[in-house]
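Student: coords below, sequence missing:
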């Protein structure tokens, strides 16, 4: 009898300990979610400010890089807004009607829309790297691209969106709508599901991360080689101010690329290992997936702060946007020709 009482007491103590551990873990994840929301909202506001700044200070930037930076800020703002909504929403909520339930489950809760935006941000970074390469290594080709009409640029943008939608199409099958409830399980069943999802995960990893990362690394390595050659030449055919502005923008683009490789790569590597190698358990909403999404959000959050850190002209444009009167006063007090060149330089 005493043995049974002892076993029951031990079992009850074990159960209580597990409940306490679960509550403590949930508490810390709630703190983590609040921290994520603070970060993503800050990133959203910073990217909106960047867009407004680039629109108001368009004369300070060349046409092509201005369009790419504006688009990058727009996409990053959408990534931050989507991440904030995903964190704050009720778990696997549904609107309650057939069409809405299918759209929300397969497009939203599967995070297909979110990762489509992340993919779009990635390939926009590739275009920025290509623009930097053309500006420094192929100036005549860069001039021709800068003179493209709005109609042609819109057509290229449509192709870019379609390509990113195709690259992340596998995400639509990561959730399933069953009896009016959205579940974090594959949408289809059968013997062919395992090889299909294995190929799909590899395809998503290659298209969303590997190709952009390798392309940017290749372009910036060739660009760096060209810059080293240019430093050996004394007469560059350009003013010192233009060279300094070009160097600042190139360093900014390289830094943003490094952040992309380190942050977005975390979740996609775990996505690859979890579905293919089964080294870890990867499910939507799990701790590993939450940390990966946070790092992917961080890639979109930090870009405006990188611009402000590496480009003095961008900082001055932000001041002009936030405090126009203060900016006018500072400009009127400039007496040094060197300061005047630095404040009015156009990013090549």
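Tutor: Arrived safely. Since this is a predicted model, take the numbers as computed values, not measurements.
Student: now do the buried residues in the helix or strand where residue 308 lies.
Tutor: Using DSSP states H and E, residue 308 sits within helix 303-310. Of the residues in helix 303-310, 303-304, 306-308, 310 count as buried by neighbour count, 16 or more other CB atoms under 10 Å. Bear in mind the C-beta positions are built from the backbone N, C-alpha and C, glycine included.
Student: now do the strands in this protein.
Tutor: 176-178, 181-183 (DSSP state E).
Student: residue 38: which of those is closest?
Tutor: Of all the strands of the chain, it is strand 181-183 that lies closest to residue 38, at 27.2 Å by CB to CB.
Student: right, and residue 105 touches residue 175 too?
Tutor: Yes: Residue 105 is within contact range of residue 175, at 5.4 Å (criterion: CB atoms under 8 Å).
Student: residue 175 versus the residue nearest in space to the middle of the chain, what's the distance?
Tutor: The C-alpha lying nearest the average C-alpha coordinate of the chain belongs to residue 300 (CA atoms, centre = their mean; 3.8 Å). Look at residue 300 and residue 175: by CB to CB, to the nearest Å, they are 23 Å apart.
Student: next: residue 92.
Tutor: Distance from residue 92 to residue 175, by CB to CB: 8 Å.
Student: where does the protein dip in pLDDT?
Tutor: Counting by pLDDT under 70, the chain shows low-confidence ranges at 1-28, 58, 230-246, 271, 274-286, 288, 325-348.
Student: ranges for the helices of it?
Tutor: For the chain, the helices defined by DSSP state H occupy 2-56, 63-88, 98-103, 112-137, 139-146, 150-167, 193-205, 211-231, 240-272, 287-301, 303-310, 312-322, 324-332, 337-344.
Student: export these to JSON lines and tack on distance to residue 180?
Tutor: JSON lines is the format used below for these (distance: least, CB to CB, whole Å):
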{"stretch": "helix 2-56", "distance to residue 180": "26"}
{"stretch": "helix 63-88", "distance to residue 180": "21"}
{"stretch": "helix 98-103", "distance to residue 180": "7"}
{"stretch": "helix 112-137", "distance to residue 180": "20"}
{"stretch": "helix 139-146", "distance to residue 180": "51"}
{"stretch": "helix 150-167", "distance to residue 180": "27"}
{"stretch": "helix 193-205", "distance to residue 180": "23"}
{"stretch": "helix 211-231", "distance to residue 180": "38"}
{"stretch": "helix 240-272", "distance to residue 180": "28"}
{"stretch": "helix 287-301", "distance to residue 180": "24"}
{"stretch": "helix 303-310", "distance to residue 180": "40"}
{"stretch": "helix 312-322", "distance to residue 180": "48"}
{"stretch": "helix 324-332", "distance to residue 180": "54"}
{"stretch": "helix 337-344", "distance to residue 180": "60"}
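Student: for those helices, which one sits closest to residue 186?
Tutor: Proximity to residue 186 (CB to CB) singles out helix 193-205 among the helices of the chain, at 5.9 Å.
Student: surely residue 161 and residue 123 touch.
Tutor: No: the pair residue 161 and residue 123 does not pass the contact test of CB under 8 Å, sitting 9.7 Å apart.
Student: residues near the closest residue to residue 146 other than its chain neighbours, how many?
Tutor: Nearest residue to residue 146 in three dimensions, chain neighbours excluded: residue 64, at 4.6 Å (CB to CB, 6 or more residues apart in numbering). Using other CB atoms under 10 Å, residue 64 is surrounded by 21 other residues.
Student: now do the contacts for residue 64.
Tutor: Listed by CB atoms under 8 Å, 6 or more residues apart in numbering, the contact partners of residue 64 are 131, 142, 145-146.
Student: now do residue 248
Tutor: Residue 248 sits in contact with 310-313, 347, where contact means CB under 8 Å, 6+ apart.
Student: look up how far residue 67 lies from residue 150.
Tutor: Residue 150 is 10 Å from residue 67, by CB to CB.
Student: how many other residues sit next to residue 104?
Tutor: Neighbours around residue 104, by other CB under 10 Å: 21.
Student: in this structure it contacts residue 180, no?
Tutor: No: counting by CB under 8 Å, residue 104 does not reach residue 180; the two are 11.8 Å apart.
Student: hey, what's in contact with both of the two?
Tutor: Joint contacts of residue 104 and residue 180 (CB under 8 Å, 6+ apart) are residue 94.
Student: tally of neighbours for residue 161?
Tutor: Residue 161 has 14 neighbours, counted by other CB under 10 Å.
Student: the nearest residue to it once chain neighbours are set aside: neighbour count?
Tutor: Of all residues not flanking residue 161 in the chain, residue 120 sits nearest, at 6.8 Å (CB to CB, 6+ apart). Counted by other CB under 10 Å, the residues lying close to residue 120 total 24.
Student: ok, now which ones touch the residue nearest to the centre of the chain?
Tutor: 43, 47, 75-77, 79-80, 118, 121.
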